[in-house]
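# Whatever this is, show me its structure:
(one chain, ligands or ions: 2)
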Amino acid sequence: MPQFEILFLGTGGGRFATITQKRRTAGIRIISNSLNMHLDPGPGALVHSINEGLDPQKLDAIFVSHCHPDHYTDAEVLIEAMTRGTTKKRGVLVAAKSVLNGSNTCEASISKYHQQMPEQKIEAVPNMKFQMDDVNVSVTEARHTDPDTVGFRFETQEFGGFAYTSDTEYFEGISRYYEGVRLLMLCVMRPTGKPWKGHMTTNDAIKIVEATRPEHAVLTHLGMQMIFAGPAKEAKLVEEKTGVPTVAAVDGMLINFGETIKIQTNRKTRQGLNKFL
Ligand SMILES: [Zn+2]
Ligand SMILES: [Zn+2]
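Ligands and ions are numbered 1, 2, ... in the order given. Have a look, this model is predicted:
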C-alpha cells in the first residue's frame, strides 16, 4: 500500500542557524502516490529539493506557517515551480493570515502576484479543516512572535495522523491539537533550561509528548543553542522522560509513514525515495 514519505530537507531554525546554515532551512517535503506537499520552504528549499531529486514542479501544495524568513523565503519560487513556470494554474497555497496579508508585525511574505498563481489559496486559521486529496488537514494553534502562526495536522485515511507544530511556545491546551497523532514533529528551537519567548524548549516538548503519547516524536527546526547542546542528547531526554521513541531530525532524514513508522537517518541523497517521484 502506498505510504507517505516525509523528507527533512532542512532541520535548522531561527536566525543564527539560518544565516550560518549550520543546519539547512529548506523545510519538509511530504509525498504519497497522489500528493506532493512542501511544508515551510525556508532559504534553500528550491536548491535542496532539486539536489534530492525532488522535482518542485510536481508539488501539489505549499504550506507556510508564518511570516518569518526561515519558513517562507523560497515560497515564491516554489509557487513558480508548482505552476510550471507560471504557465499553469495549479496547486494549493496554504498560508497563515500574516503570510498572505501582512499584519502589525510583518508585511505579506508572498507577493500578490504569486498568490494568484495557484489554483487555490487557503488562509489557514486555527481549528480550520480542509481536505487535500484523501488527507484531512486541520490547522492547529501556535503562540509565537507572529501572532498568526499556525501548525498543521494531517489525517490520512489509512494510516492515521502526523503533525507539525511550527514555531510556538508551550501553552495550556496545546496538546489537545495533537491528541491521537502517530507521529509528532515539534519545532524545538531551544534546549532544556534555555527558554525563549515564543519558542519551545526540550522541556516543553516533553510536556506535549507526555500528554499526547504519539508512536514517534521528532525534534526539528533546531536553533543554534540547541545544535550546540546536542539535539540527539535532547531527544534522548524526551524519550527517557516519556517512554516515547524520539529522534532529533538530521538534514536528509526520511520517515516512511505507513502501517509502521520507519526512520532513516543515514540515507544518502536520492536514496530510498519512492518510485512515484
Ligand atoms: Zn522558525
Ligand atoms: Zn518564527
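
# from memory Ser166 sits against Val64, does it?
No. Between Ser166 and Val64 there is no contact, the gap being 9.7 Å when judged by Cβ atoms under 8 Å. Just so you know, the C-beta spots here come from the backbone N, C-alpha and C atoms, and that holds for glycine as well.

# neighbours of Lys89, just the number please.
When neighbours are counted by other Cβ atoms under 10 Å, Lys89 registers 12.

# Distance-wise, check it relative to Ile50.
23 Å (Cβ to Cβ, to the nearest Å).

# Mind checking if stretch 55-66 is in reach of ligand 2?
No. Stretch 55-66 stays clear of ligand 2 (Cβ under 5 Å from the ion), getting no nearer than 5.6 Å.

# before we move on, back to that, are there residues contacting both of Ser166 and Val64? Which ones?
Asp40, His71 (Cβ atoms under 8 Å, 6 or more residues apart in numbering).

# ok, Glu259 touching Phe159?
Yes. Taking Cβ under 8 Å as the definition, Glu259 is a contact partner of Phe159 at 6.6 Å.

# okay, which residue is most central for this protein?
Leu39 (4.6 Å; Cα atoms, centre = their mean).

# For the residue nearest to that residue when sequence neighbours are not counted, which residues are in contact?
Distances taken as Cβ to Cβ, 6 or more residues apart in numbering place Ile28 nearest to Leu39, at 4.2 Å, with adjacent residues excluded. Residues in contact with Ile28 (Cβ under 8 Å, 6+ apart) are Ile6, Leu7, Phe8, Leu9, Gly10, His38, Leu39, Asp40, Tyr164, Met185, Thr220.

# which other helices and strands contact the strand or helix carrying the second one?
Translated: Leu7. Assigned by DSSP states H and E, Leu7 falls within strand 4-8. For strand 4-8, the elements it packs on are strand 28-31, strand 254-257, judged by 3 or more Cβ pairs under 8 Å, 6 or more residues apart in numbering; DSSP states H and E.

# next helix or strand past that strand?
helix 15-20.

# Could you pull out the buried residues of that following helix?
For helix 15-20, a neighbour-count test (16 or more other Cβ atoms under 10 Å) marks Ala17, Thr18 as buried.

# which other residues reach that helix?
Gly12, Lys22, Arg23, Thr25, Gly42, Pro43, Pro69, Asp70, Leu222, Gly223, Met224, Ile227.

# Please save the CA atoms from it in PDB.
Extracted C-alpha coordinates of helix 15-20, given in PDB (Å, rounded to 0.1, in the frame of the first residue of the first chain):
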ATOM      1  CA  ARG A  15      18.200  33.400  12.800                       C
ATOM      2  CA  PHE A  16      21.600  32.000  13.600                       C
ATOM      3  CA  ALA A  17      21.100  28.500  12.300                       C
ATOM      4  CA  THR A  18      19.700  30.200   9.200                       C
ATOM      5  CA  ILE A  19      22.400  32.700   8.400                       C
ATOM      6  CA  THR A  20      25.200  30.300   9.100                       C
END
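
# That helix and ligand 1 in contact?
No. Helix 15-20 does not reach ligand 1 (Cβ under 5 Å from the ion); its nearest approach is 8.2 Å.

# Please apply the same query to stretch 219-228.
No. Shown here: stretch 219-228 not in contact with ligand 1 (Cβ under 5 Å from the ion), separated by at least 5.6 Å.

# picking up where we left off before, quick check: the residue nearest to Leu39 vs Ser98, distance?
Per Cβ to Cβ, Ile28 is found 20 Å from Ser98.
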